[in-house]
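Asker: below is the structure, and that's it, no one-letter string:
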């Protein structure tokens, strides 16, 4: 089961939204996907219409993987926030078959401080997806972005520019700047869309609330691109690297 680690370089970047939509999109492409959250608030369930008060099941129960998950949109949802504190978590995860080639994908959504402390997990993952917002705050985080990528396999790291506001000149200028800096390491550009917030407030999945959403079209394109990257790995091939043709449109 190949691993994908998603994270935001700062709070509010929308990394959990990206992780959720990627899981939904990969499932729609016929790639069985499980999504786990390392965030204490378990807010990732909101993107599936799951109430914040409803606890997600833990991925591991003792020495076994839980069989029952909260299924929404055919995505298995789990909580791993508590498991991350266990010293043998990564080793147990790898011994359980996660990180190997197979016909399923496990997405682990982590806060940045967890990413920095889980080197073995980052080593095992085939893809690291970092979400950045094209804002002054996003620009300020670039040194941390590069430091994180250089520490944990820059050849595996790709970026999502999220919440791009095309109506504002500053957002357009920062987006252009990030495009020049990151080049083809940008996996997708996702527009700011009020439908995302509206769907959350109504406890609905985005595709149900607003099928014509611009952000929905963007994340679906992102899922197709990641799906193409994973095809060889799911067939028992190698993990995607920076030079692979599949990275490029």
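Answerer: Here it is on my side, so go on. Keep in mind the model is a prediction, meaning the values are calculated, not measured. Residues are numbered from 1 along each chain as shown.
Asker: for the rest of this, base every contact and every neighbour count on C-alpha atoms.
Answerer: Will do.
Asker: my read: residue 46 touches residue 198, true?
Answerer: No - applying CA atoms under 8 Å as the test, residue 46 and residue 198 come out as separate, 11.5 Å apart.
Asker: in stretch 209-220, what's buried?
Answerer: Buried residues in stretch 209-220, counting neighbours by 16 or more other CA atoms under 10 Å, are found at 209-210, 213-216, 218-220.
Asker: helices or strands next to the lengthiest helix in the chain in the packing?
Answerer: Counting by DSSP state H, the longest helix found in the chain is helix 214-234. Packing contacts for helix 214-234, counted by 3 or more CA pairs under 8 Å, 6 or more residues apart in numbering; DSSP states H and E, involve helix 15-28, strand 186-191.
Asker: that older thread, which of residue 46 and residue 198 has more neighbours?
Answerer: The neighbour count for residue 46 versus residue 198, taken as other CA atoms under 10 Å, is higher for residue 46 (22 against 15).
Asker: can you give me the strands for the protein?
Answerer: Under the criterion DSSP state E, the chain contains strands at 3-8, 32-37, 60-61, 64-65, 70-72, 75-79, 104-110, 127-132, 157-164, 186-191.
Asker: go through those strands and pick out the most buried.
Answerer: Sort the strands of the chain by mean neighbour count, taking mean count of other CA atoms under 10 Å, and strand 127-132 sits at the top with a mean of 26.
Asker: can you list the strands that that strand pairs with?
Answerer: strand 3-8 (parallel), strand 157-164 (parallel) (DSSP bridges).
Asker: tell me the angle it makes with helix 214-234.
Answerer: 160 degrees (axes from the mean of the first three to the mean of the last three CA atoms, to 10 degrees).
Asker: not counting its own residues, what contacts strand 127-132?
Answerer: Strand 127-132 has contacts (CA atoms under 8 Å, 6 or more residues apart in numbering) with 3-10, 13-15, 18, 122, 138, 156-162, 240.
Asker: what mean pLDDT does it get?
Answerer: Taken as a whole, strand 127-132 carries a mean pLDDT of 94.
Asker: what about this protein, any weak spots by pLDDT?
Answerer: The model of the chain has pLDDT under 70 over residues 62-63, 66-69, 73, 99-102, 150, 232-249.
Asker: put together TSV for the strands paired with strand 127-132, with distance to residue 75 on each row.
Answerer: Shown next, in TSV, are those (distance: least, CA to CA, whole Å):
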stretch	distance to residue 75
strand 3-8	15
strand 157-164	21
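Asker: and residue 202, its phi and psi?
Answerer: Backbone torsions for residue 202, taken as degrees, to the nearest 10, come to phi -100, psi 10.
Asker: look up how far residue 137 lies from the residue in the chain sticking out farthest from the centre.
Answerer: The centre of the chain is farthest from one residue, residue 169, which by CA atoms, centre = their mean lies 27.6 Å away. According to CA to CA, to the nearest Å, residue 169 and residue 137 sit 16 Å apart.
Asker: still on that earlier bit, out of the strands paired with strand 127-132, nearest to residue 116?
Answerer: Among the strands paired with strand 127-132, strand 3-8 comes nearest to residue 116, with 10.7 Å by CA to CA.
Asker: quick one: that closest one to helix 15-28, angle?
Answerer: Going by the same axes, to 10 degrees, strand 3-8 makes 150 degrees with helix 15-28.
Asker: what about the nearest residue in space to residue 144 that is not next to it in sequence, how many neighbours?
Answerer: Distances taken as CA to CA, 6 or more residues apart in numbering put residue 9 closest to residue 144, at 7.4 Å, once the chain neighbours are dropped. Each residue near residue 9 was counted by other CA under 10 Å, and the total is 22.
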